[in-house]
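K.L.:
Below is the structure, and that's it, no one-letter string:
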Ligand code: HEM
């Protein structure tokens, strides 16, 4: 039968015809239907109502953190080795096994605190979240550009984010609120020394590192586990901005990093990062002065070398920002066989939080969206229905059997678990306790000493600028912490604020602070 619909007849100039979502051609997209040229408008005008009511619903809630971001696609290529050893010695994850094996990826870069239209020049950690679409289902590695974090227990996350976000009354980001919280949170010192250094404003997304930050595990064929940390090193090099550089860029462009990344990919200048992995045996490591499950610490590279395992290349941009960047959903619980969690208390909390927020933010069927689907694995579940279901994995031959077990058909459990699921034997009392080896200052001090002179100068200047907007008790406590981190840092920041060591020596350690012997000696010298 010949299709004589207006859509099939085409538009006046041969371009494709505009329709509504019901497939009805739109003959007039400029004028509402009204009684006479001057109105009133009629309410039965389906075309107008569909257009305006869909527009009214164009937004979903932005991410509660990391709202501003951009996504690109590419591939991960495995080297098949961890340094000189076959990678299979440590992990059976299939994406890593063969040298040269490629896996599709999506990578979303982001800033943390600002809203989705905020400036990309902010002093803020940058997100570095990767979705690997592996043959065994998806693996998400949700990291940042700085190697450590502000806190080590997920229960403090809403507080640290509230302190960093705008004031609930004035809606201004307030240094006094930020440093009020940090001054009571000594584990944040290592992060602050990084964040207020030039590393706190990466030049753009292509010139920054990425870190998994939390401690994960690798599992081999025999079920032997190792603790691992992930690092991404940009082939483009690392570049940062000072506040002055950032002000110049920001005056021209609020989205310079998104533009830089998209433009590079469009001109086939594909950015690349190498993945390096640090590893240690899966135990408490009492010989270390920090806990391997503490994400405010780095693992010294001389003891735990970071060895290359593969590379990632980004070679295409999203076609639709909303569908592929706003709706993409990463989570630390999304792992494949051969990769595992550790008991890192941040990681465990994060693993609940991501899918929880995504069910709220995107909807209960967020995993049906193309960008989130496990596109290189087979997906068959007995999940049904819910808001915006469009995809039913109906078990093929048995669409009536959406339950299991059944003798009539439907999906079956996989025959044997491929590996023994017997996990470690854990015993202990239920308790609320911090990790015993907190050691909040030593690594922050080492980081400070490792900086170039200009980086130290920039750090000190940035801290003074921020802290001069804080009340005196907050300033004093921060100077006290910085003296504990490294004399020079405390003296210089204190000097800029008019606070001498004598002004803060009377301060007691915070009530529940675990000081090391070294910290106590430092405290004694302060006194
Ligand atoms: C995004 C929670 C710590 C990296 C998010 C989101 C939540 C969240 C709720 C929004 C997700 C969405 O709407 O899709 C938490 C909690 C943490 C924590 C509860 C601590 C317990 C961290 C740490 C890192 C990190 C330590 C870095 C290793 C990211 C990144 C994103 C993100 C990169 C953006 C993901 C994207 O691009 O969609 N986080 N987070 N978070 N978080 Fe965390």
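P.N.:
Arrived safely, thanks for sending. Computed from a predicted structure; not experimentally measured.
K.L.:
Quick check: which ranges of the protein have low pLDDT?
P.N.:
Along the chain, segments meeting pLDDT under 70 span 1-9, 395-396, 417-422.
K.L.:
One more pass at 80, please.
P.N.:
1-12, 393-397, 415-424, 527 (pLDDT under 80).
K.L.:
can you give me the strands in it?
P.N.:
For the chain, the strands defined by DSSP state E cover 69-78, 81-82, 85-86, 102-111, 126-134, 137-144, 210-211, 216-219, 225-234, 272-281, 307-317, 339-341.
K.L.:
So residue 64 versus residue 151, what's the distance?
P.N.:
16 Å (Cβ to Cβ, to the nearest Å). In short, each C-beta sits where N, CA and C put it, glycine included.
K.L.:
neighbour-wise, which of these two wins?
P.N.:
residue 151 (21 against 13; other Cβ atoms under 10 Å).
K.L.:
now the strands of the chain as JSON lines including mean neighbour count and distance to the ligand?
P.N.:
Below are these laid out as JSON lines (neighbours: other Cβ atoms under 10 Å; distance: least, Cβ to the nearest ligand atom, whole Å):
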{"stretch": "strand 69-78", "mean neighbour count": "22", "distance to the ligand": "5"}
{"stretch": "strand 81-82", "mean neighbour count": "20", "distance to the ligand": "21"}
{"stretch": "strand 85-86", "mean neighbour count": "11", "distance to the ligand": "27"}
{"stretch": "strand 102-111", "mean neighbour count": "22", "distance to the ligand": "4"}
{"stretch": "strand 126-134", "mean neighbour count": "24", "distance to the ligand": "3"}
{"stretch": "strand 137-144", "mean neighbour count": "22", "distance to the ligand": "4"}
{"stretch": "strand 210-211", "mean neighbour count": "24", "distance to the ligand": "7"}
{"stretch": "strand 216-219", "mean neighbour count": "21", "distance to the ligand": "11"}
{"stretch": "strand 225-234", "mean neighbour count": "21", "distance to the ligand": "10"}
{"stretch": "strand 272-281", "mean neighbour count": "20", "distance to the ligand": "15"}
{"stretch": "strand 307-317", "mean neighbour count": "18", "distance to the ligand": "14"}
{"stretch": "strand 339-341", "mean neighbour count": "19", "distance to the ligand": "13"}
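K.L.:
Switch those over to a markdown table; also include distance to residue 243.
P.N.:
Below are the strands of the chain laid out as a markdown table (distance: least, Cβ to Cβ, whole Å):
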| stretch | distance to residue 243 |
| --- | --- |
| strand 69-78 | 22 |
| strand 81-82 | 40 |
| strand 85-86 | 44 |
| strand 102-111 | 15 |
| strand 126-134 | 16 |
| strand 137-144 | 20 |
| strand 210-211 | 23 |
| strand 216-219 | 34 |
| strand 225-234 | 22 |
| strand 272-281 | 26 |
| strand 307-317 | 28 |
| strand 339-341 | 38 |
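K.L.:
So which of these is nearest residue 358?
P.N.:
Counting by Cβ to Cβ, residue 358 lies closest to strand 137-144 out of these; the figure is 11.2 Å.
K.L.:
now that closest one, how far from the centre of its chain.
P.N.:
Taking Cα atoms, centre = their mean, to the nearest Å, the mean C-alpha location of strand 137-144 is offset from the chain mean by 9 Å.
K.L.:
Can you name the residues in contact with that strand?
P.N.:
Strand 137-144 is contacted by residues 93, 95, 125-132, 210-213, 230, 232, 330-332, 334-336, 339, 350, 354, 372, 374, 377, 379 when judged by Cβ atoms under 8 Å, 6 or more residues apart in numbering.
K.L.:
7 Å - rerun?
P.N.:
Outside strand 137-144, the residues within contact range by Cβ atoms under 7 Å, 6 or more residues apart in numbering are 125-132, 210-213, 230, 330-332, 334-336, 339, 374, 377.
K.L.:
repeat for stretch 212-227
P.N.:
88-92, 141, 143-144, 147-149, 228-230, 279-282, 292-293, 295, 338-342, 344, 346-347, 419-420.
K.L.:
for stretch 41-57, same thing?
P.N.:
Contacts for stretch 41-57 (Cβ under 7 Å, 6+ apart): 20, 21, 26, 32, 33, 34, 35.
K.L.:
6 Å instead?
P.N.:
Identification of contacts with stretch 41-57 by Cβ atoms under 6 Å, 6 or more residues apart in numbering yields 20, 26, 32, 33, 34.
K.L.:
Over to stretch 459-475?
P.N.:
By Cβ under 6 Å, 6+ apart, the surrounding residues in contact with stretch 459-475 are 175, 176, 179, 180, 183, 196, 197, 478, 492, 493, 496, 497.
K.L.:
how about the residues of the protein near the ligand?
P.N.:
Contacts of the chain with the ligand, taken as Cβ under 6 Å from any ligand atom, map to 63-66, 69, 108, 110, 127, 129, 142-144, 149, 154, 157, 213-214, 295, 328-330, 346, 349-350, 353-354, 357-358, 361.
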